[in-house]
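[1] Whatever this is, show me its structure:
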Amino acid sequence: MRVAKRPRVGERKRIVLTGGPGAGKTAVLELARKHFRGRLDILHEAASIVFVGGFPRRPEPYARAAAQRAIHHVQVELERIAMETPTDKAILCDRGTIDGLAYWPFEPSLFFTDVWSSLEKEIARYDAVIHLRTPAKGAGYHKNGVRTEAPEDAEAIDARLLDVWKTHPKRFVIESSASFMDKAHRAMTLIGEIL
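    From the prediction side, this is the model:
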């Protein structure tokens, strides 16, 4: 039996696109996929993979914690696949490994204990973080099949995400605007500058 060698982890640039529910991440990711073709790999959102795959979505704190641990592990492995792929393309992640803290039901220190990491290690994974702000209630937010939060909850999650990523040295925050295309243009410009 032939044993494969483990690939060396590359030095690919990792960028996180984060923000609360309804902030426009999916649309910006699709624009980036088309505009930066050949220069960028897009990683799908781990939470969507987990929940669409059938992981229980229950309200009890222990179940919410289990979901966030599962999402974290899926995110880490998605990034590992990308890092071990021999290419020099940058990686644009639909959320990062610590986004789960915005949904975590217990003290943040328990999250890091459970995933065998620390805030500092997780922050250091990424070269840059782009945070798209969730629109205010009545200013563009809507639910979909995976996004189940009420507008008030979406705004609260967005605020928690701002706090989660506040120590990243290259965090960029893009506020909502009357025109989503203005917001998307600012995000695309930032991605281009980071690349």
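[2] can you map out the helices along this structure?
    Secondary structure of the chain (DSSP state H): helices located at 25-35, 46-52, 61-84, 108-114, 119-124, 151-164, 180-194.
[3] count of residues packed around residue 27?
    Residues near residue 27, counting by other C-beta atoms under 10 Å, number 15. Where C-beta positions appear, they are placed from N, C-alpha and C, glycine not excepted.
[4] Spit out the contact partners of it.
    180, 184 (C-beta atoms under 8 Å, 6 or more residues apart in numbering).
[5] let's see it at 10 Å
    Counting by C-beta atoms under 10 Å, 6 or more residues apart in numbering, residue 27 makes contact with 132, 180, 181, 183, 184, 187.
[6] Tell me which two in the residues you listed are the farthest apart.
    Distances among these were taken as C-beta to C-beta; the most separated pair is 132 and 181, at 13.1 Å.
[7] overlap in contacts of those two?
    With C-beta under 10 Å, 6+ apart as the test, residue 132 and residue 181 both reach 24, 27.
[8] Looking at the two, which one has more neighbours?
    Using other C-beta under 10 Å, the more surrounded residue of residue 132 and residue 181 is residue 132, with 27 against 11.
[9] so the more buried one makes contact with residue 183?
    Yes - applying C-beta atoms under 10 Å, one finds residue 132 in contact with residue 183, separated by 6.7 Å.
[10] so what sits against both of the two?
    Common neighbours of residue 132 and residue 183 (criterion: C-beta under 10 Å, 6+ apart): 23, 24, 27, 28, 174, 175, 176.
[11] quick revisit: please tabulate the helices of the chain in a markdown table, including the columns mean pLDDT.
    Below are the helices of the chain laid out as a markdown table (pLDDT from 0 to 100):
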| stretch | mean pLDDT |
| --- | --- |
| helix 25-35 | 95 |
| helix 46-52 | 95 |
| helix 61-84 | 97 |
| helix 108-114 | 97 |
| helix 119-124 | 97 |
| helix 151-164 | 92 |
| helix 180-194 | 94 |
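[12] do you know which of those helices lies nearest residue 17?
    Distance to residue 17, taken as C-beta to C-beta, is lowest for helix 25-35 among the helices of the chain, at 5.3 Å.
[13] quick one: the residue positioned nearest the centre of the chain from residue 156, how far?
    The structure's the chain has its C-alpha centroid closest to residue 95; by C-alpha atoms, centre = their mean the separation is 0.2 Å. The spacing between residue 95 and residue 156, counted by C-beta to C-beta, to the nearest Å, is 17 Å.
[14] follow-up on the earlier one: of the shared contacts of residue 132 and residue 183, which qualify as buried by neighbour count?
    Neighbour counting with 16 or more other C-beta atoms under 10 Å marks 23, 24, 28, 174, 176 as buried within the shared contacts of residue 132 and residue 183.
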